[in-house]
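Kindly generate the corresponding structure for this input.
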Amino acid sequence: MDTLSLFGIIIRFLLGGGAVVACTVISKKVGSKIGGVFAAFPAVFLAALLTLRLDVKGMDLIHQSITLSQGALVGMIINIMCTIAVVYFSGRLGWKKGLTRSLVGWFLVSLGYAVFIG
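Below is the predicted model:
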(Lines give C-alpha, C1' and ligand atoms only; values in the text may rest on other atoms or scores of the structure.)
Protein backbone atom coordinates (compact mmCIF):
# COMPACT_ATOMS: atom_id res chain seq x y z
CA MET A 1 0.00 0.00 0.00
CA ASP A 2 2.15 2.82 -1.32
CA THR A 3 -0.50 5.53 -1.42
CA LEU A 4 -3.74 6.30 0.31
CA SER A 5 -6.61 8.01 -1.42
CA LEU A 6 -7.88 11.27 -0.01
CA PHE A 7 -11.38 9.80 0.07
CA GLY A 8 -10.12 6.81 2.11
CA ILE A 9 -8.41 9.09 4.60
CA ILE A 10 -11.54 11.23 4.99
CA ILE A 11 -13.75 8.16 5.52
CA ARG A 12 -11.33 6.74 8.11
CA PHE A 13 -11.28 10.09 9.90
CA LEU A 14 -15.07 10.37 9.94
CA LEU A 15 -15.68 6.77 11.07
CA GLY A 16 -12.98 6.81 13.75
CA GLY A 17 -13.88 10.29 14.98
CA GLY A 18 -17.58 9.45 14.89
CA ALA A 19 -16.97 6.42 17.07
CA VAL A 20 -15.10 8.52 19.62
CA VAL A 21 -17.91 11.10 19.68
CA ALA A 22 -20.52 8.33 20.04
CA CYS A 23 -18.62 6.85 23.01
CA THR A 24 -18.45 10.26 24.66
CA VAL A 25 -22.18 10.86 24.18
CA ILE A 26 -23.03 7.38 25.49
CA SER A 27 -20.80 7.96 28.53
CA LYS A 28 -22.51 11.25 29.34
CA LYS A 29 -26.02 9.85 28.83
CA VAL A 30 -25.79 6.41 30.51
CA GLY A 31 -22.65 6.57 32.59
CA SER A 32 -18.95 6.04 32.22
CA LYS A 33 -19.02 2.26 32.72
CA ILE A 34 -21.32 1.67 29.76
CA GLY A 35 -19.48 4.30 27.73
CA GLY A 36 -16.21 2.55 28.54
CA VAL A 37 -17.53 -0.69 27.08
CA PHE A 38 -18.20 1.10 23.80
CA ALA A 39 -14.88 2.95 23.96
CA ALA A 40 -13.06 -0.37 24.26
CA PHE A 41 -14.39 -1.39 20.85
CA PRO A 42 -11.60 -0.88 18.32
CA ALA A 43 -13.52 1.55 16.12
CA VAL A 44 -10.49 3.09 14.45
CA PHE A 45 -9.23 -0.39 13.50
CA LEU A 46 -12.64 -1.27 12.09
CA ALA A 47 -12.72 1.96 10.08
CA ALA A 48 -9.25 1.24 8.68
CA LEU A 49 -10.16 -2.33 7.82
CA LEU A 50 -13.44 -1.41 6.13
CA THR A 51 -11.89 1.34 4.04
CA LEU A 52 -8.75 -0.57 3.08
CA ARG A 53 -10.68 -1.73 0.02
CA LEU A 54 -10.63 1.84 -1.28
CA ASP A 55 -6.85 1.77 -1.64
CA VAL A 56 -5.89 -1.88 -2.19
CA LYS A 57 -7.17 -4.53 -4.59
CA GLY A 58 -6.88 -8.30 -5.17
CA MET A 59 -4.46 -10.50 -3.24
CA ASP A 60 -2.71 -7.43 -1.87
CA LEU A 61 -5.99 -6.58 -0.08
CA ILE A 62 -5.88 -9.92 1.74
CA HIS A 63 -2.22 -9.46 2.68
CA GLN A 64 -2.77 -5.88 3.90
CA SER A 65 -5.86 -6.92 5.88
CA ILE A 66 -3.90 -9.64 7.66
CA THR A 67 -1.02 -7.26 8.37
CA LEU A 68 -3.43 -4.62 9.69
CA SER A 69 -5.17 -7.18 11.90
CA GLN A 70 -1.90 -8.49 13.31
CA GLY A 71 -0.80 -4.95 14.13
CA ALA A 72 -4.13 -4.23 15.81
CA LEU A 73 -3.84 -7.38 17.91
CA VAL A 74 -0.35 -6.45 19.09
CA GLY A 75 -1.52 -2.91 19.83
CA MET A 76 -4.48 -4.17 21.86
CA ILE A 77 -2.23 -6.49 23.89
CA ILE A 78 0.18 -3.63 24.61
CA ASN A 79 -2.74 -1.39 25.62
CA ILE A 80 -4.06 -4.06 28.01
CA MET A 81 -0.61 -4.33 29.58
CA CYS A 82 -0.49 -0.53 29.93
CA THR A 83 -3.92 -0.49 31.58
CA ILE A 84 -2.84 -3.11 34.10
CA ALA A 85 0.31 -1.08 34.79
CA VAL A 86 -1.75 2.10 35.34
CA VAL A 87 -3.94 0.34 37.90
CA TYR A 88 -0.91 -1.17 39.65
CA PHE A 89 1.29 1.94 39.74
CA SER A 90 -1.52 4.41 40.45
CA GLY A 91 -2.52 2.48 43.53
CA ARG A 92 1.03 2.62 44.87
CA LEU A 93 2.40 5.94 43.57
CA GLY A 94 -0.64 8.13 42.91
CA TRP A 95 -2.31 8.72 39.59
CA LYS A 96 0.22 11.19 38.10
CA LYS A 97 3.30 9.07 38.71
CA GLY A 98 1.41 5.86 37.96
CA LEU A 99 0.14 7.15 34.63
CA THR A 100 3.54 8.56 33.73
CA ARG A 101 5.36 5.29 34.45
CA SER A 102 2.75 3.31 32.58
CA LEU A 103 2.95 5.52 29.50
CA VAL A 104 6.75 5.39 29.53
CA GLY A 105 6.50 1.60 29.75
CA TRP A 106 3.96 1.53 26.90
CA PHE A 107 6.28 3.65 24.76
CA LEU A 108 9.32 1.45 25.48
CA VAL A 109 7.45 -1.80 24.79
CA SER A 110 5.97 -0.37 21.57
CA LEU A 111 9.34 0.97 20.43
CA GLY A 112 11.03 -2.34 21.24
CA TYR A 113 8.39 -4.24 19.29
CA ALA A 114 8.72 -1.91 16.29
CA VAL A 115 12.52 -2.10 16.26
CA PHE A 116 13.07 -5.78 16.98
CA ILE A 117 9.98 -7.53 15.65
CA GLY A 118 8.00 -5.15 13.42
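
What is the burial count for residue 85?
Residues lying near residue 85 (other CB atoms under 10 Å) number 19. (C-beta placed from N, C-alpha, C; glycine too.)

Identify the residue spatially nearest to it, adjacent ones excluded.
Nearest residue to residue 85, sequence neighbours excluded (CB to CB, 6 or more residues apart in numbering): residue 102, at 4.0 Å.

That neighbour contacts residue 80, correct?
No. At 11.7 Å, residue 102 does not count as touching residue 80 under the criterion of CB atoms under 8 Å.

quick one: which of the two has more around it?
More neighbours surround residue 102 than the other of residue 102 and residue 80, with 20 against 11 (other CB under 10 Å).

mind listing what's buried in the helix or strand hosting that one?
Per DSSP states H and E: residue 102 is located in helix 95-116. Of all the residues in helix 95-116, those buried under the rule 16 or more other CB atoms under 10 Å are 98-99, 101-102, 105-106, 109-110.
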